[in-house]
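Asks: Okay, here's the prediction I keep looking at, along with the sequence it came from:
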Amino acid sequence: MLCAMETKIAEIEHRIIEIHGQKVMLDSDLAELYEVDTKILVKAVKRNIERFPQDFMFQLSKEEFEILRRQFGTSSQWGGRRYPPYVFTEHGVAMLSSVLRSPKAIQVNIEIMRAFSRLRRLLISNMELAKKLDALETKYDEQFKVVFAAIRQLMDPPKPVKRQIGFHVKDTMK
């Protein structure tokens with residue numbers, strides 16, 4: 001059971017993308033997870049639009065939609081979307097639970113919240129690791145400054161001795 005849940009969370013994590021510097025999910029991905037048509041999900045949201053301020057949900061521009069379409073290789077000819085998708089932040093996904101009330105929607109919402117939490121923990125742990133590495137690098141550089149200077153001196157090629165051109169007589173009569 002735990003393995004199946006981990007698999008589902010991993011599947012959800014792959015659907016979380018970054019747009020405008022925020023982790024979001026596309027309306028079509030959410031609809032697929034909730035097992036409803038995208039149209040139904042969007043209609044439910046529009047009926048309750050006051051619950052979805054701009055920081056919870058926004059619609060991509062036509063340019064962003066084209067970039068996304070090319071990125072995922074979807075068709076612009078017959079079939080596929082004809083309008084830019086809505087994207088939902090973590091808070092928007094949480095708000096969807098008040099709009100979509102089926103048992104499936106509740107269960108999927110819980111899994112999505114777990115996926116967002118897991119991504120947040122990974123991000124925090126990566127930032128902590130980066131700070132530790134920076135501290136070690138600084139400490140390492142200070143401790144081995146003399147060693148690095150000596151190595152650099154050894155790496156420099158010896159300066160060639162300049163020889164004078166012409167015939168030179170050694171003075172042996174002193």
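Replies: Structure received.

Asks: Output the longest helix belonging to the protein.
Replies: helix 103-143 (DSSP state H).

Asks: what packs against that helix?
Replies: With contacts taken as 3 or more CB pairs under 8 Å, 6 or more residues apart in numbering; DSSP states H and E, helix 103-143 sits against helix 2-15, strand 22-26, helix 27-34, helix 90-99. Using the backbone N, CA and C atoms, a C-beta is placed for each residue, glycine as well.

Asks: What residues of the first one count as buried?
Replies: It refers to helix 2-15. By neighbour count with 16 or more other CB atoms under 10 Å, helix 2-15 contains the buried residues 8, 9, 12, 13, 15.

Asks: what angle do it and helix 103-143 make?
Replies: Angle of helix 2-15 versus helix 103-143, following axes from the mean of the first three to the mean of the last three CA atoms, to 10 degrees, is 80 degrees.

Asks: who's in contact with helix 2-15?
Replies: 25, 26, 29, 33, 111, 112, 114, 115, 118, 119 (CB atoms under 8 Å, 6 or more residues apart in numbering).

Asks: do the same with stretch 52-65
Replies: Under the criterion CB under 8 Å, 6+ apart, residues 19-20, 45, 68, 81, 84-89, 91-92, 95 lie in contact with stretch 52-65.

Asks: Adding neighbour count, write the residues you listed out as CSV.
Replies: Output for the contacts of stretch 52-65, formatted as CSV (neighbours: other CB atoms under 10 Å):
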residue, neighbour count
19, 15
20, 10
45, 22
68, 18
81, 16
84, 18
85, 21
86, 22
87, 23
88, 25
89, 21
91, 15
92, 24
95, 19
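
Asks: Which one among those sits at the bottom for pLDDT?
Replies: The lowest pLDDT within the contacts of stretch 52-65 belongs to residue 81, with 74.

Asks: a helix runs through that one, doesn't it?
Replies: No. Under the criterion used here (DSSP: H, G, I helix; E, B strand; the rest coil), residue 81 is coil, not part of a helix.

Asks: chain center to whichever strand or helix holds residue 87: distance?
Replies: Assigned by DSSP states H and E, residue 87 belongs to strand 86-89. In this view, strand 86-89 has its centroid 16 Å away from the chain centroid, taken as CA atoms, centre = their mean, to the nearest Å.
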